[in-house]
Structure formats: structure tokens, C-alpha cells
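Novice: The sequence isn't on hand, but the structure is:
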């Protein structure tokens with residue numbers, strides 16, 4: 001005496017899968033859903049999709065009503081949804097169906113196929129902790145990552161070697177201040193660690209395109225909004241490191257003069273000498289070279305000793 005519902009995209013794959021299980025399986029659609037909900041015939045297999053049913057409104061969701069009647073639900077994820085145009089959509093078929101299936105499964109634990117839902121899509125960490133002892137963390141953009149120089153020539157590597165501690169580099173090329181802040185706050189940073197954060201331009205806004213990236217053209221945001229987002233991101237990290245008793249070094253690599261003024265009196269902010277260009281360039285002739293990285297490393301070490 002069971003009712004089995006197959007749910008997915010409105011294509012032949014869904015109907016074929018349901019009929020393979022039960023050759024008498026039939027489609028629930030706009031013309032017969034009321035009859036199904038009222039009678040709910042036992043030992044029945046049906047299949048349906050969002051586009052086969054009346055549109056969701058603020059009073060009722062027919063799909064949810066159907067799913068509640070089911071004893072067993074099979075989620076048939078297609079290789080491509082019919083409304084997938086390559087753009088992210090918060091109210092796509094996939095998003096809405098997965099939401100309703102999760103609601104039902106949380107209560108009845110009767111849904112098959114949910115294991116394919118991506119849970120960590122937006123939560124990638126560039127690197128993870130590599131040691132149980134104290135660690136030097138380096139955050140920022142491509143400069144902090146060390147584009148243009150060898151691994152042994154990066155300022156983070158030089159600092160770590162001088163301090164005789166391992167380094168974890170969580171910097172990402174082209175990334176924003178907000179992205180670096182997020183990486184720091186979610187990393188396994190522990191008491192006694194050191195964080196060196198090379199502050200990048202506030203004109204980079206985090207965006208998503210099959211991976212986190214910086215949107216350099218942030219014209220949609222006012223300059224003061226960019227400043228506001230940068231400042232709040234920095235102070236979240238300052239608060240985080242203070243609570244953990246972590247040494248934080250804020251190094252203004254290519255951030256604006258305004259942000260440097262704003263942070264000047266913070267004990268974690270290390271004001272660099274004024275430079276119009278790097279001391280040298282790396283192998284790509286764009287990013288800072290060996291001399292500049294050595295200068296930053298020495299500056300950080302000397303400043304730490306003074307403070």
C-alpha cells in the first residue's frame with residue numbers, strides 16, 4: 001500500500017525511469033493533480049516536475065502537496081535542467097525541487113537521490129593547516145601568492161624561514177579584500193600563529209563564476225561602499241585574531257591611500273614606506289620581483305621586533 005513519486009526534469013528520462021520501476025506509472029500534471037491529491041490511490045507510481053504543475057504562489061505549492069502524500073520519493077537529477085541557460089537562478093527548477101525534497105526528507109527520511117546535492121560549492125579553502133605547531137599564514141592576492149617569483153623568493157617564505165615555522169599560503173590571484181577576509185576567518189588558525197595579510201585594492205569586488213574571483217570593474221558600487229566593505233572585512237579579521245591571540249600583520253600592498261589612513265593607528269597595521277613602483281619586477285614583468293619581496297619580508301620581521 002505505497003505511493004512512489006519520481007521527481008525531476010520534464011523530459012523522457014524521468015518518465016522512462018519511473019516506468020522502468022513500474023510500467024503503470026503515470027504523469028501528474030495540471031489536469032489530474034486534484035484527483036490524485038483527493039484519492040491518492042494505493043500501490044501507485046507517479047512522476048512529475050515543476051513545469052507539469054501549476055505555478056507556485058504565496059498560497060499553495062502543488063508539488064509540495066504531492067510530495068507529502070508519497071511514501072517513497074525518487075529524485076532523478078538530469079544532466080541538464082530544461083530551464084538551465086547557464087546563468088545562476090535562485091528560483092530555478094533544481095533549486096526549488098531540492099528545497100522541497102529536503103523539507104520532506106528531514107521529516108520522513110524517504111527521499112532517494114539527494115546525495116548528489118553540492119554542499120561545499122562556495123566554501124573552498126585555498127590551503128589547509130599543515131602542522132600542529134605554530135604556523136605562518138599568508139593571505140591576499142597574486143602578490144602575496146608570489147606570482148612572478150620562485151617559491152623560495154616569496155616574502156611569506158622568507159619570513160617563515162627566518163622564524164623557523166611552516167607557512168600556509170591562502171592567497172589567490174585576482175582576489176578581493178573580502179575574499180581574503182573570508183579565507184582567514186574560516187581557516188584553522190590557532191593561538192600563537194602569525195597571519196600576514198597583503199591588502200589588495202578595494203576596487204575588487206568578490207564574484208562567482210565557476211569559482212570565486214574578483215570583479216575588477218566595480219562601477220555598480222560607490223567608492224565609499226567599496227571602502228565600507230573593505231574596512232568591515234579588515235576589522236572582522238582584527239577582532240578574530242585578537243580573540244585567538246594570533247599575531248596579525250596588515251601589509252598595505254596595493255590598497256588605496258584612504259584605507260592606509262583609516263588603518264594607520266591600528267597596532268596590527270604596518271605602514272609601508274611610500275613607493276611609486278616596485279624595486280623590481282618578476283618573471284612576468286607585471287608583479288613585484290625578488291628585491292621587492294625581500295624588502296617586504298625584512299620590513300615585516302624588523303617591524304615585528306620593534307613592536
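Specialist: That came through fine. These figures come from a predicted structure and were not determined experimentally. Numbers count the residues shown, from 1 in each chain.

Novice: show me where the protein has helices.
Specialist: 12-21, 33-39, 62-69, 93-108, 142-145, 155-163, 177-186, 223-244, 257-263, 290-306 (DSSP state H).

Novice: any idea how far the longest one is from the chain center?
Specialist: So that's helix 223-244. Its chain's C-alpha centre lies 18 Å from the corresponding centre of helix 223-244 when counted by CA atoms, centre = their mean, to the nearest Å.

Novice: And for stretch 250-264?
Specialist: 26 Å.

Novice: picking that back up, any chance of the helices of the chain in JSON lines, plus mean neighbour count, mean pLDDT and distance to residue 269?
Specialist: Using the backbone N, CA and C atoms, a C-beta is placed for each residue, glycine as well. Shown next, in JSON lines, are the helices of the chain (neighbours: other CB atoms under 10 Å; pLDDT from 0 to 100; distance: least, CB to CB, whole Å):
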{"stretch": "helix 12-21", "mean neighbour count": "16", "mean pLDDT": "95", "distance to residue 269": "57"}
{"stretch": "helix 33-39", "mean neighbour count": "13", "mean pLDDT": "92", "distance to residue 269": "62"}
{"stretch": "helix 62-69", "mean neighbour count": "18", "mean pLDDT": "94", "distance to residue 269": "52"}
{"stretch": "helix 93-108", "mean neighbour count": "16", "mean pLDDT": "93", "distance to residue 269": "42"}
{"stretch": "helix 142-145", "mean neighbour count": "24", "mean pLDDT": "98", "distance to residue 269": "16"}
{"stretch": "helix 155-163", "mean neighbour count": "20", "mean pLDDT": "97", "distance to residue 269": "17"}
{"stretch": "helix 177-186", "mean neighbour count": "22", "mean pLDDT": "97", "distance to residue 269": "14"}
{"stretch": "helix 223-244", "mean neighbour count": "16", "mean pLDDT": "96", "distance to residue 269": "9"}
{"stretch": "helix 257-263", "mean neighbour count": "16", "mean pLDDT": "96", "distance to residue 269": "4"}
{"stretch": "helix 290-306", "mean neighbour count": "17", "mean pLDDT": "93", "distance to residue 269": "10"}
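
Novice: distance from the centroid: which residue in the chain tops it?
Specialist: Note on the chain: the largest C-alpha distance from the chain mean falls to residue 39, namely 45.3 Å (CA atoms, centre = their mean).

Novice: circling back: need the helices of the chain in JSON lines (columns: distance to residue 79).
Specialist: Formatted as JSON lines, those follow (distance: least, CB to CB, whole Å):
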{"stretch": "helix 12-21", "distance to residue 79": "9"}
{"stretch": "helix 33-39", "distance to residue 79": "27"}
{"stretch": "helix 62-69", "distance to residue 79": "21"}
{"stretch": "helix 93-108", "distance to residue 79": "12"}
{"stretch": "helix 142-145", "distance to residue 79": "35"}
{"stretch": "helix 155-163", "distance to residue 79": "42"}
{"stretch": "helix 177-186", "distance to residue 79": "31"}
{"stretch": "helix 223-244", "distance to residue 79": "38"}
{"stretch": "helix 257-263", "distance to residue 79": "46"}
{"stretch": "helix 290-306", "distance to residue 79": "46"}
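
Novice: okay, now the domains of this protein?
Specialist: 3-116, 136-306 (automatic domain parsing).

Novice: Out of the ones you listed, which gets nearest to residue 124?
Specialist: domain 136-306 (7.3 Å; CB to CB).

Novice: May I see the domains of the chain arranged in TSV, with distance to residue 122 as well?
Specialist: Putting the domains of the chain into TSV (distance: least, CB to CB, whole Å) gives the following:
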stretch	distance to residue 122
domain 3-116	11
domain 136-306	7
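
Novice: Kindly list the main-chain dihedrals of the closest residue to residue 135 other than its chain neighbours?
Specialist: Of all residues beyond its chain neighbours, the one nearest residue 135 is residue 193 (5.0 Å), with distances taken as CB to CB, 6 or more residues apart in numbering. For residue 193, the backbone dihedrals (degrees, to the nearest 10) come out as phi -70, psi 170.

Novice: Residue 193 and residue 235: what is the separation?
Specialist: Counting by CB to CB, to the nearest Å, the gap from residue 193 to residue 235 is 19 Å.

Novice: now do residue 170
Specialist: Residue 170 is 19 Å from residue 235, by CB to CB.

Novice: Ok, residue 98 next?
Specialist: Applying CB to CB to residue 98 and residue 235 gives a distance of 36 Å.

Novice: Report the contact partners of the residue nearest to residue 135.
Specialist: Residues near residue 193 by CB atoms under 8 Å, 6 or more residues apart in numbering: 134, 135, 136, 137, 244, 246, 247.

Novice: Please check the residues you listed and keep the buried ones.
Specialist: Buried subset of the contacts of residue 193 (neighbour count, 16 or more other CB atoms under 10 Å): 134, 135, 136, 137, 246, 247.
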